[in-house]
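*Asks:* Fold the following.
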Amino acid sequence: MLPAGIGAVTAAAKGGDLAEWFGPLYSRQWRPVAAARLAASTLGAFAVVLLATSISGAWADPLRAPCRWADVARGHQAPDYEAPPNDHLATAITIPAVPWTYLGNTTGATSEPQERSSACRAGAGLGVWFRYDAPRTHALVISTSGSDFDTVLSVWMGDRHPLREIACDDDVGPADVSSRLQVGVREKTSVYLKVESAGEAGNLVLTVTPALLPEPPANDDLAQAWPIARLPFAQTVDSSAATEESYEAEAPCATATGAGIWYRYDAATDQALRFDTGGSGFDTVLSIWTGEHHPLRHLACNDDVDRHSGDTSSAIQWHARRGDRYWLRLGASRGRAGVANLAVAEIAPGPPGDDLRVALAIHQFPAQFEVDTTWASTEPGEEPSPCDSNVGHSVWWAIEPPASTRLRIERGSSEYPTVASLWRGDAYPLQHLACAPAPAVGAEALPFEVDLIAGECYRLKVEGIGDYSGWLVLRLEITAALVFLPLVGSSPVPAGP
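*Replies:* Residues are numbered from 1 along each chain as shown. Predicted coordinates for the structure are as follows:
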């Protein structure tokens with residue numbers, strides 16, 4: 001009996017397509033057979049079978065396989081395995097046309113500097129690359145069904161690392177560890193497909209087929225952004241066929257946010273606005289941008305209104321400035337779009353301290369504040385806390401200490417989870433100094449302490465996670481006076497209380 005795979009190899013040799021079979025599937029695991037490639041071109045299929053059998057010398061038992069093949073089947077990498085030919089972005093295998101199928105192996109894959117793992121599986125294994133140059137605007141279905149390992153599939157745009165991820169998938173279902181994606185691609189643009197292992201490497205089957213989807217929505221491009229002419233505004237759009245433009249920037253509050261549609265708002269006056277995707281049929285990511293063309297400059301974003309309860313809609317409360325133009329992008333988390341709802345309405349003015357220029361001044365300690373942040377908004381130039389970018393409803397305090405002190409900040413009595421951050425400066429852009437993240441679900445926010453230097457200008461910001469708001473309780477007190485020793489050529493250094 002012939003060993004597994006020889007029948008396919010024999011058929012390939014008869015058809016004159018031996019390199020296609022040996023190259024992607026067997027060249028790294030079945031080293032003895034690699035020597036048969038040259039013979040195949042002249043001796044034909046019979047010579048290939050004889051030579052492969054004589055070199056391997058282990059075919060008496062049809063259940064046995066060469067040592068290297070057995071190692072790969074168990075997920076162990078032999079020390080001298082070569083990296084796959086499409087291990088690097090520069091050597092990505094080009095998909096000539098669809099439908100298309102690839103058979104290969106990811107054993108020996110490495111990573112490149114600045115290469116990112118997929119957002120669908122943190123810490124996923126090393127992967128291989130494919131490139132598709134779209135001849136027209138259409139949709140693709142990409143699948144790893146038939147692979148013998150747990151795959152993570154992702155789609156990227158860009159021409160060098162770090163690329164921008166627009167869609168990803170880990171497991172099709174609880175009992176199916178293959179991956180499947182449906183993405184829209186734009187005419188004359190290129191996308192990269194990456195397949196990683198969520199564990200051990202193995203034999204890969206990748207299929208790419210055209211999909212039947214409706215035409216891309218009318219506001220698929222920035223240039224065709226839908227104008228928000230009057231308030232209140234509401235629109236429902238099927239964004240499942242939305243595509244990505246080249247050089248679209250990535251919002252910091254989420255990754256893999258493909259299938260985005262665009263809106264434009266020209267502010268006729270200073271006003272507070274609320275943008276909301278409630279009722280959408282998928283996990284939305286909402287972001288606000290400024291500029292004239294891609295890449296735009298990011299202003300604000302929100303992924304999930306309430307990540308703990310499972311509300312995956314998005315909302316941003318924004319302080320618009322008269323005469324400014326804003327671009328609103330409604331994207332899909334992991335590129336899985338569908339029917340999108342957008343509502344825009346003017347809201348009541350924010351509470352005291354809503355903007356940096358009207359920050360609440362703290363003149364003496366201890367101090368306690370209770371603020372209703374329901375209508376608090378984000379303003380142009382405001383940066384999110386490095387502790388968590390999925391935040392909103394921010395309120396500001398101004399602190400200019402007459403003496404160097406250690407300040408204790410407590411917010412644990414607030415009725416919603418908050419993030420606190422300390423900044424230096426009195427106008428944007430500020431310099432971030434420290435931050436305290438939101439507590440775990442059901443836990444109380446712990447107090448944190450910061451050292452303040454006399455005469456410096458500090459700004460304290462407290463904001464809610466996601467779209468959380470309500471009564472914010474903030475207490476500040478001095479826990480120690482500090483003495484700073486000046487050092488030649490450097491900033492003051494605290495000597496201790």
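*Asks:* Show me the protein divided up by domain.
*Replies:* Per the record, the chain has its domains at 6-73, 89-211, 226-346, 356-494, by automatic domain parsing.
*Asks:* Could you work out the end-to-end span of the third one for me?
*Replies:* One end of domain 226-346 sits 18 Å from the other (C-alpha to C-alpha, to the nearest Å).
*Asks:* The domains of the chain into TSV, with extra columns for mean neighbour count, mean pLDDT and distance to Asn219?
*Replies:* Heads up, the C-betas are built off the backbone N, CA and C, glycines and all. Formatted as TSV, these follow (neighbours: other C-beta atoms under 10 Å; pLDDT from 0 to 100; distance: least, C-beta to C-beta, whole Å):
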stretch	mean neighbour count	mean pLDDT	distance to Asn219
domain 6-73	17	38	41
domain 89-211	19	92	14
domain 226-346	19	92	4
domain 356-494	17	89	23
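*Asks:* now those domains in JSON lines, with distance to Ala83?
*Replies:* Listed next are these as JSON lines, based on distance: least, C-beta to C-beta, whole Å:
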{"stretch": "domain 6-73", "distance to Ala83": "9"}
{"stretch": "domain 89-211", "distance to Ala83": "5"}
{"stretch": "domain 226-346", "distance to Ala83": "25"}
{"stretch": "domain 356-494", "distance to Ala83": "35"}
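*Asks:* Now for the residue nearest to Gly381 when sequence neighbours are not counted: which residues touch it?
*Replies:* Spatially, and ignoring its direct neighbours in sequence, Gly381 is nearest to Tyr428 (3.4 Å; C-beta to C-beta, 6 or more residues apart in numbering). If you count contacts by C-beta atoms under 8 Å, 6 or more residues apart in numbering, Tyr428 has them with 356, 380-383.
*Asks:* does Tyr428 count as helix, strand or coil?
*Replies:* Using DSSP: H, G, I helix; E, B strand; the rest coil, the structure places Tyr428 in coil.
*Asks:* I'd like the distance between it and Ala403.
*Replies:* With distances taken as C-beta to C-beta, to the nearest Å, Tyr428 is found 27 Å from Ala403.
*Asks:* Could you pick out the longest strand of this structure?
*Replies:* Secondary structure assigned by DSSP state E gives strand 471-481 as the longest strand of the chain.
*Asks:* hang on, isn't Trp289 packed against Glu248?
*Replies:* No: contact criterion C-beta atoms under 8 Å: Trp289 and Glu248 do not qualify, at 9.5 Å.
*Asks:* residue nearest the centroid of this structure?
*Replies:* Taking C-alpha atoms, centre = their mean, the centroid of the chain lies closest to Thr255, which sits 1.6 Å from it.
*Asks:* excluding its backbone neighbours, what's nearest that one?
*Replies:* Using C-beta to C-beta, 6+ apart, the nearest residue to Thr255 is Ala119, at 4.1 Å.
*Asks:* list the contacts for the one you found?
*Replies:* Neighbours of Ala119 in contact, by C-beta under 8 Å, 6+ apart: 154, 165, 168, 254-256, 334.
*Asks:* Of these, which belong to strands?
*Replies:* 154, 165, 168.
*Asks:* my guess is Glu410 contacts Leu474, does it?
*Replies:* Yes: using C-beta under 8 Å, Glu410 is in contact with Leu474, at 7.3 Å.
*Asks:* tell me which element the residue nearest to Thr255 is part of?
*Replies:* Following DSSP states H and E, one finds Ala119 outside all helices and strands.
*Asks:* And Glu370, by the same measure?
*Replies:* Using DSSP H and E, Glu370 falls in strand 367-372.
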